[in-house]
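S.K.: here is the input, now give the coordinates:
(2 chains)
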Protein chains: 2
Amino acid sequence: MGNEQLDQLRDKLDEVNIQILDLINSRAEIVKEIGEIKEKQGAIYYDPVRERDMLNKITAKNNGPFEDSTIVHLFKEIFKAGLELQKDDHRKALLV
Amino acid sequence: MGNEQLDQLRDKLDEVNIQILDLINSRAEIVKEIGEIKEKQGAIYYDPVRERDMLNKITAKNNGPFEDSTIVHLFKEIFKAGLELQKDDHRKALLV
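M.R.: Numbering: from 1, shown residues only, chains lettered A, B, ... in the order given. Take a look at the predicted model:
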């Protein structure tokens, strides 16, 4: 009994994992586009004010079960990965 | 010109952030349910084989732009946060 329910929940978890994967990659595409525009403008990639603004908007909509602090931690990791991607693109552009 | 485009991309980013937030919290709800079943079964929460299996399923569907290694890093952080949530529930259950 418990095991069947467990299998169903795990299937659901696998589905949600893929949805999160797709969204994280969609987010990365947008971040890359923003990086390209900033590159043309000669602007710097990392903008702590904009990052704080994004985090405020995110925690304002957080209904749990994760605490705001956990959500902030996870999103900072996602932001960092996006920033690395922009820097990689920049490095490649310099090498062309 | 560039700035209008930038604003549009930022609005899109804010939307995607909230979608990721909602999915991460939905995921946490499923993880909590799984934790409750495992608790009744007296099973341990952390299952490295199941974690590896989830990561394999996720990277198999990864079409970038993030590298598999980045995706694995981000999901490990999400898994860790989920595990903490299960442990918190367990602690609370013990205190009742």
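S.K.: CA only for contacts and neighbour counts going forward, please
M.R.: Will do.
S.K.: over to the most centrally placed residue in chain A. Which of the three states is it?
M.R.: In chain A, the C-alpha nearest the mean C-alpha coordinate belongs to residue A:78, at 3.7 Å (C-alpha atoms, centre = their mean). In terms of secondary structure, residue A:78 is helix; the call rests on DSSP: H, G, I helix; E, B strand; the rest coil.
S.K.: what is the burial count for the closest residue to it other than its chain neighbours?
M.R.: Taking C-alpha to C-alpha, 6 or more residues apart in numbering or on different chains as the measure, residue A:78 lies nearest to residue B:74, with 6.9 Å between them; neighbours along the chain are not counted. Neighbour count of residue B:74, defined by other C-alpha atoms under 10 Å in any protein chain shown: 18.
S.K.: list the buried ones in the helix or strand where residue A:37 lies?
M.R.: Taking DSSP states H and E as the definition, residue A:37 sits inside helix A:2-41. Of the residues in helix A:2-41, A:6, A:9-10, A:13-14, A:16-32, A:34-36, A:38-39 count as buried by neighbour count, 16 or more other C-alpha atoms under 10 Å in any protein chain shown.
S.K.: wait, residue A:32 sits on residue A:85?
M.R.: Yes - under the contact definition of C-alpha atoms under 8 Å, residue A:32 touches residue A:85, with a separation of 7.1 Å.
S.K.: gap between residue A:21 and residue A:78?
M.R.: With distances defined as C-alpha to C-alpha, to the nearest Å, the gap from residue A:21 to residue A:78 amounts to 11 Å.
S.K.: overlap in contacts, the two.
M.R.: Jointly contacting residue A:21 and residue A:78 under the rule C-alpha atoms under 8 Å, 6 or more residues apart in numbering or on different chains is no residue at all.
S.K.: who does whichever strand or helix holds residue A:93 touch, helix- and strand-wise?
M.R.: Using DSSP H and E, the secondary-structure element containing residue A:93 is helix A:68-95. The contact analysis (3 or more C-alpha pairs under 8 Å, 6 or more residues apart in numbering or on different chains; DSSP states H and E) places helix A:68-95 against helix A:2-41, helix A:48-60, helix B:68-95.
S.K.: hey, what's the angle from that helix to helix A:48-60? Just curious.
M.R.: Angular relation of helix A:68-95 and helix A:48-60 on a 0 to 180 degree scale: 140 degrees, by axes from the mean of the first three to the mean of the last three C-alpha atoms, to 10 degrees.
S.K.: what angle do helix B:2-41 and helix A:68-95 make with each other?
M.R.: Angle of helix A:68-95 versus helix B:2-41, following the same axes, to 10 degrees, is 130 degrees.
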